[in-house]
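Asker: Coordinates for the following, if possible.
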Amino acid sequence: MLRTFPTRGVLARPARSVADVVVFLGAVALLWLLVRVAHGVDVPFDPATAPSAISTDPAELPYYAARSLLRMFTALALSVLFTFVYATAAARLRRTEKVLLPVLDILQSVPILGFLSVTITGFIALFPGSELGLECASVFAIFTSQAWNMTFAFYYSLTSQPRELDEAARLIRLSRWQRFWRLDVPSGMIPLVWNGMMSFGGGWFFLTASEALSVNNHNYALPGIGAYVATATANGELGRVLLAIVVMIVMVVGVNVLFWRPLTAWAERFRVEESEAAQAPRSFTLNLLRRSRIPAALGSVFGRLVFPVDRAMAIFGLAEHPLRPDPVRRRAGDVVFTVAISALIVYGLVRMAGFIAGTAGFAEVGHALFLGLITFARVVALVVVATLVWVPVGVWIGLNPPVSRLAQPVVQVLASFPANFLFPLVTAVLLATGISLNWGGILLMALGAQWYILFNVIAGASAIPNDLREAAANLRLTRTLWWRRLILPAIFPSYVTGGITAAGGAWNASIVAEVVSYHGTTLRATGLGAYIALATGTGNAGHILIGVAVMSLYVVGLNRLFWRRLYALAERRYSLT
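Answerer: Below you'll find the model as predicted:
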C-alpha cells in the first residue's frame with residue numbers, strides 16, 4: 001500500500017533556473033559595486049589642501065549616488081548593532097535602565113551638527129593622511145540621525161513581551177544568547193523594521209550636512225549626492241540641482257522597492273496574532289528570493305554553525321534572574337550606584353560650567369535661551385499647521401484600503417526624500433519674492449518634519465477595528481460625534497508618536513533651515529538653529545556647547561512636560577489593545 005503514494009520526485013517542483021540566475025547576477029553586481037565604491041574611501045587626504053567642493057559633472061552622479069548609499073547602509077548597520085546592545089542593556093539591567101534611558105533621551109535631542117563639531121577633528125586625527133577619517137565622521141553623523149528612534153522602538157518591544165513567552169524561555173532554560181536570537185529579536189522585528197525605515201528616511205535629510213562639512217573655518221566635501229547638491233547650489237546651477245533631485249527620487253524609490261518593501265513583507269512572519277491580516281504585504285523582490293534555491297542553500301551551509309555558536313555563547317549564563325533577591329544587598333547596590341552616577345553628573349556639570357565661564361560667559365546662555373524661544377515658536381507653528389492639514393488626509397487614506405495601497409508607498413517615499421534638496425528652489429523663490437527667512441524657515445522645516453505626522457496617522461487609522469467602525473455606522477453617528485468618539489480617540493496614540501518625532505525632527509532641521517545659501521547669497525533667520533550653525537562653521541566651541549545644551553534642554557523639557565504626558569494619557573485612556 002505504501003508504494004501507491006507518489007514518490008519524492010513526483011512532488012518535487014521543477015528547477016527554478018530563472019530565479020536562481022537573477023538572484024546570482026544581482027548578488028554579483030552588488031559585490032562588484034561594493035568593491036568599486038569602497039575603493040575610493042581610503043584615498044590620500046590633507047586637511048590643508050582638501051577640496052571644499054566637488055565636480056558637478058552629471059556623469060559623476062551615479063558614482064556619487066553609490067557613495068551616498070554606502071554611507072547610509074553602513075550607518076544603518078551600526079545603528080542596528082547599537083540598538084541590540086543598548087536597548088537590551090536598558091531592558092534587562094534594572095540599574096542601568098535608570099541611566100541609559102535619560103541619556104538616550106538627551107542624545108536624540110542633541111542636534112546632528114553638535115556631534116559633527118566634536119567628531120570631525122577626532123576622526124581626522126585617528127586616520128591621518130587618509131580620507132577615511134572624513135568618511136567615518138560622515139557615517140557617524142548619519143548614524144546619530146538613525147540610531148535613537150530604532151533603540152527606543154526595540155526597547156519598548158523588549159519591555160512589552162508577553163509574560164507567557166518570558167516564562168517559556170525560562171522553563172526550557174534558554175541561555176541569554178539563545179533568548180536574544182530566538183525570542184527578543186523576533187518579537188521586536190516588526191517595530192524595528194518599520195522604525196528603521198523611518199530612521200533611514202530621516203538620515204537622507206542630513207546627507208548634505210554630513211557630506212559638505214564646515215567645521216572650525218574649514219570646508220570639506222566628500223564625493224556624494226549631498227555634496228553635489230551643495231556645490232550646485234553654491235554655483236547657482238538650478239538645472240543640476242533638479243537633475244540631482246531626479247536621481248535622488250530614483251534612488252529612494254529603488255531602496256524602498258529592493259530593500260524596505262521586501263523587509264517589511266518578510267517581517268510579517270514574526271507577527272503574533274490569533275488571526276492573519278486580510279491583506280498581507282507583498283513584494284516582488286521577496287517572492288523572487290523565495291523562488292530561488294540560493295538562499296536555502298546558503299541557509300543549509302551556515303545553519304550548521306548555529307549549534308556550535310550556541311554552545312560557545314552558553315558561557316554568558318541562562319536567561320533568568322533570582323526570583324527572591326537579597327533585599328539588603330539590593331538596597332546597598334542601589335545606594336552605591338546612585339552615589340556613583342550622581343558624582344559623575346555633578347562632575348560633568350562643574351566642568352561644563354567652568355568651560356562656559358572661561359569661554360563665552362554665562363551672559364551668552366540668556367541670549368541662547370531667547371533664540372531658543374523663537375525657534376520653539378516655529379516648531380509649535382509647524383506642528384499645529386501640520387496637524388490641521390495632515391490629520392484629515394491621513395484618516396481618509398487609512399480608512400480606505402484601495403487609497404491606502406496607492407498612497408502609502410508615496411508617503412513612504414515623501415518621508416524618505418531629503419527635503420533639504422528642495423531648499424535651493426525654495427531659497428530662490430524667497431529671494432525673488434522678498435519673503436523673510438524668519439517666516440520661510442517654517443516652510444523649510446516643515447518640508448522634512450511634517451511627514452511623520454501623516455505617516456503615523458495613516459497607520460493609526462488603518463488599525464481601527466472594523467467592528468468599531470460598523471458599530472458607529474449602525475448607531476448613525478453624526479460627522480462631529482464620529483470624529484470625537486471614534487476617530488480622534490483611536491488615532492490619538494499614533495498621532496502622539498508622530499508629533500514627538502515631527503517636533504524632534506523640526507528642532508534638528510532648524511539648524512539647516514535657518515541659514516540657507518544660494519549662488520553666493522546667504523539668508524539667515526533669527527533663532528537657535530542659526531546660532532548653532534554659525535558657531536559650528538566658525539569653530540566657536542563655547543557657543544557650540546551653549547547652543548547644543550540649550551536645544552537639548554528645550555527638546556527634553558518639551559518631551560517631559562508635554563509629549564510624555566500625552567503619551568501616558570494615550571496609553572491609559574485611548575489604547576485599543
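
Asker: host element of the nearest residue to Leu430 once chain neighbours are set aside?
Answerer: Leaving aside its chain neighbours, Leu430 sits nearest to Gly440 (4.7 Å; criterion: C-beta to C-beta, 6 or more residues apart in numbering). C-beta here means a position set from N, CA and C on the backbone, and glycine is covered the same way. Element membership of Gly440, judged by DSSP states H and E, is helix 437-462.

Asker: average pLDDT across that helix?
Answerer: Averaged across helix 437-462, pLDDT comes to 82.

Asker: any idea of the pLDDT on Val383?
Answerer: 91.

Asker: which stretches of the stretch 251-400 of the chain aren't confidently modelled?
Answerer: Residues of the stretch 251-400 of the chain that meet the criterion pLDDT under 70 lie in 272-281, 319-326.

Asker: Strands along that one, start to end?
Answerer: Applying DSSP state E, counting those that start in this stretch to the stretch 251-400 of the chain gives no strands.

Asker: all helices of the stretch 201-350 of the chain, in order?
Answerer: Along the stretch 201-350 of the chain, counting by DSSP state H, counting those that start in this stretch, helices occupy 207-211, 225-235, 238-255, 261-267, 284-291, 294-302, 306-312, 327-358.

Asker: out of those, nearest to Leu488?
Answerer: Distance to Leu488, taken as C-beta to C-beta, is lowest for helix 261-267 among the helices of the stretch 201-350 of the chain, at 27.4 Å.

Asker: and that closest one, what other elements does it pack with?
Answerer: helix 189-205, helix 284-291 (3 or more C-beta pairs under 8 Å, 6 or more residues apart in numbering; DSSP states H and E).

Asker: right, so these: which one is the most enclosed?
Answerer: Sort the helices and strands packed on helix 261-267 by mean neighbour count, taking mean count of other C-beta atoms under 10 Å, and helix 189-205 sits at the top with a mean of 23.

Asker: Spatially nearest residue to Ala549, not counting backbone neighbours?
Answerer: According to C-beta to C-beta, 6+ apart, the nearest residue to Ala549 is Met352 (7.3 Å).

Asker: Met72 versus the one you found, what's the distance?
Answerer: In this view, Met352 and Met72 are 33 Å apart by C-beta to C-beta, to the nearest Å.

Asker: higher neighbour count, those two?
Answerer: Met72 (21 against 13; other C-beta atoms under 10 Å).

Asker: which SSE is the more buried one in?
Answerer: According to DSSP H and E, Met72 maps onto helix 61-92.

Asker: other SSEs contacting that helix?
Answerer: helix 17-38, helix 94-107, helix 132-159, helix 189-205, helix 207-211, helix 225-235, helix 238-255.

Asker: ok, 6 Å please
Answerer: helix 17-38, helix 94-107, helix 132-159, helix 225-235, helix 238-255 (3 or more C-beta pairs under 6 Å, 6 or more residues apart in numbering; DSSP states H and E).

Asker: Ok, which of the ones you listed comes nearest Ser462?
Answerer: helix 132-159 (18.6 Å).

Asker: Just the buried positions in the closest one, please.
Answerer: 132-155, 157-158 (16 or more other C-beta atoms under 10 Å).

Asker: need the longest helix for the chain.
Answerer: In the chain, with assignment by DSSP state H, the single longest helix is helix 363-398.

Asker: Report the inter-axis angle for the helix or strand just after that one versus helix 238-255.
Answerer: Going down the chain from helix 363-398, the next helix or strand is helix 401-416, by DSSP H and E. Following axes from the mean of the first three to the mean of the last three C-alpha atoms, to 10 degrees, one obtains 130 degrees for the angle between helix 401-416 and helix 238-255.

Asker: what mean pLDDT does helix 401-416 have?
Answerer: 73.

Asker: count of neighbours near the nearest residue to Trp204 once chain neighbours are set aside?
Answerer: Spatial nearest neighbour of Trp204, excluding adjacent residues (C-beta to C-beta, 6+ apart): Pro418 at 4.0 Å. Residues near Pro418, counting by other C-beta under 10 Å, number 24.

Asker: any idea how far Tyr452 is from Pro418?
Answerer: For Pro418, the distance to Tyr452 - C-beta to C-beta - is 14 Å.

Asker: What residues of stretch 41-53 count as buried?
Answerer: For stretch 41-53, by 16+ other C-beta under 10 Å, it's Val41, Phe45, Pro47, Ala50, Ala53.

Asker: cool, and stretch 94-114?
Answerer: 96, 99-101, 104-105, 108-114.

Asker: Between the helices of the stretch 201-350 of the chain, which one is closest to His519.
Answerer: The nearest among the helices of the stretch 201-350 of the chain, by C-beta to C-beta, is helix 225-235 at 7.1 Å.

Asker: Can I get that closest one as CSV, trimmed to CA atoms?
Answerer: Presented in CSV, the C-alpha positions along helix 225-235 are these (Å, rounded to 0.1, in the frame of the first residue of the first chain):
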residue,chain,number,x,y,z
ILE,A,225,24.9,63.3,-4.0
GLY,A,226,24.5,65.6,-0.9
ALA,A,227,27.8,67.4,-1.6
TYR,A,228,26.8,67.6,-5.3
VAL,A,229,23.6,69.5,-4.4
ALA,A,230,25.6,71.8,-2.0
THR,A,231,28.1,72.6,-4.7
ALA,A,232,25.5,73.1,-7.4
THR,A,233,23.6,75.4,-5.0
ALA,A,234,26.6,77.5,-4.3
ASN,A,235,27.3,77.8,-8.1
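
Asker: other SSEs contacting it?
Answerer: Using 3+ C-beta pairs under 6 Å, 6+ apart, helix 225-235 sits against helix 61-92, helix 207-211, helix 238-255.

Asker: quick one, that helix and helix 61-92 angle?
Answerer: Inter-element angle recorded for helix 225-235 and helix 61-92: 120 degrees (by the same axes, to 10 degrees).

Asker: picking that back up, rounded mean pLDDT for the helix holding Met72, please.
Answerer: 91.

Asker: How about exporting the helix or strand hosting Ala570 as CSV, limited to the C-alpha atoms?
Answerer: Secondary structure from DSSP H and E places Ala570 in helix 564-573. Coordinates of each C-alpha in helix 564-573 appear next as CSV, following Å, rounded to 0.1, in the frame of the first residue of the first chain:
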residue,chain,number,x,y,z
ARG,A,564,5.3,62.2,27.5
ARG,A,565,2.2,63.2,29.4
LEU,A,566,0.2,62.9,26.2
TYR,A,567,1.8,59.6,25.6
ALA,A,568,0.8,58.4,29.1
LEU,A,569,-2.7,59.6,28.5
ALA,A,570,-2.9,57.8,25.2
GLU,A,571,-1.7,54.5,26.9
ARG,A,572,-4.1,54.9,29.8
ARG,A,573,-7.4,56.0,28.1
